[in-house]
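quick one, structure for this:
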Amino acid sequence: MHRKERGFSLPETLLALTACIGLLSLLWLVSSTSLGLTLVSFKTGSMSPTMPTDTVALTVPTPAGEIEVGDVITVQRAGELPITHRVTAIESGTDSAERLLTLRGDANDDDDALPYEVSEAGRVVAWIPGAAPLMSLMTQPSALGLLVIVVGALLIWALFPEKGAYTSTARTGRAAHRRTA
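Model prediction:
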């Protein structure tokens with residue numbers, strides 16, 4: 001038997017790409033929900049050159065007792081935006097689960113003004129420089145609406161063949177479909 005070899009057509013490729021993006025989205029949803037993963041976007045250059053402005057970092061919740069000097073962590077601050085800097089010193093906190101963390105941005109000459117007392121912080125485990133504008137764009141309602149329209153159009157284009165792509169012949173009362181070349 002001779003097997004005809006061929007590449008993927010554009011609709012098949014776009015459908016596969018859309019399926020991969022959907023799978024990655026589901027994996028992110030499950031992992032972020034179950035593991036507490038978060039994405040942090042850098043709006044300043046305080047962590048340059050390692051993590052310049054517009055970097056997106058992946059953080060994992062980490063108990064204060066597991067944080068070490070040199071780790072880059074995100075600390076929540078009451079009434080302010082979180083801060084992501086490198087740990088330069090660790091001291092015991094007011095209870096056994098808390099630590100006083102002294103932080104400094106890599107581009108800064110001095111430590112942050114006050115230490116942060118935490119029982120848990122987000123440890124940076126991965127980052128992508130320059131990804132923040134794309135992440136910001138994908139949170140805009142107009143961009144999400146456009147994405148839904150584009151994905152829907154791709155699915156319709158890939159799943160429904162053009163007119164005349166299939167022919168049918170009657171075989172014992174049932175239609176059999178055959179793709180024409």
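
going forward, measure contacts between C-alpha atoms and count neighbours the same way
OK.

quick one: buried residues of the biggest strand by length in the chain?
The single longest strand within the chain, with elements called by DSSP state E, is strand 80-92. For strand 80-92, the neighbour count (16 or more other CA atoms under 10 Å) marks 83, 84, 85, 86, 87, 88, 90 as buried.

skipping adjacent residues, who's closest to the last one in space?
Distances taken as CA to CA, 6 or more residues apart in numbering put residue 101 closest to residue 90, at 4.8 Å, once the chain neighbours are dropped.

next, count neighbours for that neighbour.
Number of residues near residue 101 (other CA atoms under 10 Å) recorded here: 26.

if you count neighbours, what's buried in the helix ranked longest in the chain?
Longest helix of the chain, by residue count under DSSP state H: helix 10-35. Using 16+ other CA under 10 Å as the test for burial, helix 10-35 gives 11, 12, 14, 15, 18.

ok, the second one to residue 160 distance?
In this structure, residue 12 and residue 160 are 11 Å apart, going by CA to CA, to the nearest Å.

what's the following helix or strand after the longest helix of the chain?
strand 38-41 (DSSP states H and E).

show the subsequent helix or strand relative to that next one.
Assignment by DSSP H and E places the next element after strand 38-41 at strand 56-63.

can you show me the CA trace of that following strand as PDB?
Provided in PDB are the C-alpha atoms of strand 56-63 (Å, rounded to 0.1, in the frame of the first residue of the first chain):
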ATOM      1  CA  VAL A  56       7.400  39.500  33.300                       C
ATOM      2  CA  ALA A  57       8.400  37.200  36.100                       C
ATOM      3  CA  LEU A  58       6.800  34.000  37.300                       C
ATOM      4  CA  THR A  59       6.600  33.800  41.100                       C
ATOM      5  CA  VAL A  60       5.900  30.800  43.400                       C
ATOM      6  CA  PRO A  61       4.600  31.400  47.000                       C
ATOM      7  CA  THR A  62       7.400  30.500  49.400                       C
ATOM      8  CA  PRO A  63       7.300  30.300  53.200                       C
END
